[in-house]
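Participant: structure for the following, please:
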Amino acid sequence: MKANKRSLGWMAAVAGVGLVVSGSAVFSAVTGNDNNQKPPLSLKYDNTQINRDTTQGHSYNPIVQKVTPSVVQVYVTTKGGNGNMGTNQDLQDQLRRFFGRQFPQMPEQQTPGEKALGSGIIISSDGYILTNNHVVQNARTIQVKLTDNRTFSGKVIGTDPATDVALVKIDADNLQPITFADSDQAEVGDVVLAVGDPFGIGQTVTEGIISAKNRQGLSEDGQSDEAFIQTDAAINPGNSGGALVDTNGRLVGMNTAILSRSGGNQGIGFAVPSDLCRWVADSLIKNGKVERGMLGVTIQQLSPELAKAMNVHRTTGAVVADVTPNSPADKAGIKDGDVVVQFDNKPIEDENSLKLMVAESSPGKVVPIQIDRNGQTLNLNVTLEELSQKNTLAKNEPNSNGNDAQQNDALHGVGVQDLDRQTKEEMNIPANVRGAIITQVDPSSPSAEAGLKEGDVIQEINHQPVRNAEDADRLTANKGGKGETLVKVWNQNGSHYVAVQEGND
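Facilitator: You can find the predicted model right below:
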């Protein structure tokens with residue numbers, strides 16, 4: 001406001017002698033009879049209406065007029081205690097995921113009555129509104145403000161923390177719902193607009209492009225269903241739950257997170273794809289919860305090293321690291337080391353795409369699945385079950401053997417010993433896990449480079465089971481030459497495969 005006052009004062013001072021144009025004064029001398037008087041400055045002026053043909057990129061106003069009535073402000077009063085504000089460290093470090101809040105002082109924890117701010121998207125004329133789970137999590141009261149300034153009390157219909165999507169209902173009619181796009185058809189480079197209420201200053205529209213698709217690995221626990229759309233459209237605190245739309249005004253994503261060192265926009269924002277939002281909303285309306293399909297496998301990315309070691313001649317797919325006994329995958333004949341290349345007749349790019357496809361499939365559905373097993377293609381059918389909790393391996397009797405540490409040849413620089421009952425208890429290793437525990441790894445060895453660490457449990461070597469240190473030594477001794485040793489290991493994150501490049505010594 002001080003800047004405006006200075007500008008107004010300056011304008012008043014020159015009003016009698018000139019014209020202020022874009023912050024500069026253009027003078028026309030009007031006094032005296034100076035023979036050197038110059039004629040008034042001739043300015044170019046065009047008062048024709050602004051070209052709003054979006055196909056020519058002149059203006060997005062028609063899109064904004066179409067979209068903004070469908071985007072609302074969401075005000076939340078939280079319950080406090082273990083609220084979703086997090087700690088000061090959480091807010092200032094790494095991914096600013098839970099940014100749909102206004103925190104001038106960044107307090108250490110919420111207190112009862114703390115006010116929070118976010119955005120929402122109207123998806124039905126009778127008052128269903130999409131927003132982020134982290135916006136309404138632990139909410140005591142919810143107020144929804146429309147663009148016509150009407151305010152309604154909101155009720156949470158359901159939430160899905162795995163996708164950070166929530167559904168809120170207000171008692172209103174004749175609202176203007178947004179139109180959904182097929183987010184799978186969105187491509188990197190497409191122009192998008194972000195609509196929301198940053199910092200509580202009022203509805204704001206920013207423009208950018210889709211910078212990337214299928215971003216994942218942003219959650220701390222790695223258990224979220226993630227396939228974020230990344231955009232450089234400016235997103236700030238308060239935009240959370242707002243709309244990301246294409247140049248036809250259709251919803252391609254719901255703004256959810258930013259990657260920032262400062263807590264404000266730095267050109268890296270993330271949105272939940274509209275297809276995922278639509279699936280969650282439909283599930284919440286029908287069932288009050290999200291019912292996910294369960295296959296019963298632990299999966300990992302197919303790296304070039306693993307593909308070579310597994311004799312798999314492809315670059316896409318999801319490696320099955322573990323199959324839960326009596327699970328749908330086990331009953332269908334899927335085995336450890338298989339590479340899933342198709343699910344429900346759709347290609348699998350990586351482990352995250354398989355995870356999302358399984359989750360979005362209805363429990364009880366019979367799904368065709370194609371796998372690559374040692375270079376051979378197999379077609380199977382699997383009947384999915386409902387995912388109720390995190391899958392664990394079936395419990396088996398613990399394996400107890402000697403404790404003599406041994407070195408092996410193919411896994412250069414790795415020391416192992418038997419995994420006995422006492423070691424399992426000391427290191428919190430489940431009773432069903434069998435193998436040889438790694439006691440040392442040479443930091444300069446190929447094994448360390450491949451990712452093997454002390455405390456990992458070797459379960460298989462080249463698809464052969466490892467029951468103890470003697471098995472590990474036998475299966476890796478005198479391999480010689482160059483190549484890969486395929487090792488299945490267990491750690492606190494679960495089982496996965498590692499391809500270790502054999503050395504020359």
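Participant: now do the helices in the chain.
Facilitator: 2-14, 61-67, 88-92, 133-136, 274-287, 304-309, 328-332, 351-359, 421-426, 446-450, 469-476 (DSSP state H).
Participant: in a markdown table: the ones you listed, plus mean neighbour count.
Facilitator: Just so you know, the C-beta spots here come from the backbone N, C-alpha and C atoms, and that holds for glycine as well. What follows is the helices of the chain, written out as a markdown table (neighbours: other Cβ atoms under 10 Å):
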| stretch | mean neighbour count |
| --- | --- |
| helix 2-14 | 10 |
| helix 61-67 | 16 |
| helix 88-92 | 15 |
| helix 133-136 | 26 |
| helix 274-287 | 20 |
| helix 304-309 | 17 |
| helix 328-332 | 20 |
| helix 351-359 | 21 |
| helix 421-426 | 13 |
| helix 446-450 | 19 |
| helix 469-476 | 22 |
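Participant: out of those, nearest to Ile123?
Facilitator: Ranking the helices of the chain by proximity to Ile123 (Cβ to Cβ) places helix 274-287 first, at 6.3 Å.
Participant: how about the contacts made by the spatially closest residue to Leu302 that is not a sequence neighbour?
Facilitator: Nearest residue to Leu302, sequence neighbours excluded (Cβ to Cβ, 6 or more residues apart in numbering): Gly317, at 4.7 Å. By Cβ atoms under 8 Å, 6 or more residues apart in numbering, the residues touching Gly317 are 302, 339-341, 348, 350, 372.
Participant: returning to that earlier point: mind putting the helices of the chain into JSON lines with distance to Ala243 and mean pLDDT?
Facilitator: Putting the helices of the chain into JSON lines (distance: least, Cβ to Cβ, whole Å; pLDDT from 0 to 100) gives the following:
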{"stretch": "helix 2-14", "distance to Ala243": "31", "mean pLDDT": "34"}
{"stretch": "helix 61-67", "distance to Ala243": "6", "mean pLDDT": "91"}
{"stretch": "helix 88-92", "distance to Ala243": "24", "mean pLDDT": "33"}
{"stretch": "helix 133-136", "distance to Ala243": "14", "mean pLDDT": "90"}
{"stretch": "helix 274-287", "distance to Ala243": "9", "mean pLDDT": "89"}
{"stretch": "helix 304-309", "distance to Ala243": "39", "mean pLDDT": "86"}
{"stretch": "helix 328-332", "distance to Ala243": "37", "mean pLDDT": "92"}
{"stretch": "helix 351-359", "distance to Ala243": "22", "mean pLDDT": "87"}
{"stretch": "helix 421-426", "distance to Ala243": "51", "mean pLDDT": "77"}
{"stretch": "helix 446-450", "distance to Ala243": "44", "mean pLDDT": "81"}
{"stretch": "helix 469-476", "distance to Ala243": "55", "mean pLDDT": "79"}
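Participant: so the residue nearest to Leu302 versus Ala234, what's the distance?
Facilitator: 37 Å (Cβ to Cβ, to the nearest Å).
Participant: and stretch 245-252, what's buried?
Facilitator: Within stretch 245-252, the residues scored as buried using 16 or more other Cβ atoms under 10 Å are 245-247, 249-252.
Participant: averaged pLDDT, it. What do you get?
Facilitator: For stretch 245-252, the mean per-residue pLDDT is 91.
Participant: in PDB, list the C-alpha atoms belonging to it.
Facilitator: The C-alpha trace of stretch 245-252 is given here as PDB (Å, rounded to 0.1, in the frame of the first residue of the first chain):
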ATOM      1  CA  VAL A 245      -7.200 -28.000 -16.000                       C
ATOM      2  CA  ASP A 246      -6.400 -28.300 -19.700                       C
ATOM      3  CA  THR A 247      -7.100 -25.600 -22.400                       C
ATOM      4  CA  ASN A 248     -10.600 -27.000 -22.800                       C
ATOM      5  CA  GLY A 249     -11.300 -26.300 -19.100                       C
ATOM      6  CA  ARG A 250     -11.400 -30.000 -18.200                       C
ATOM      7  CA  LEU A 251      -9.900 -31.400 -15.000                       C
ATOM      8  CA  VAL A 252      -6.700 -33.300 -15.500                       C
END
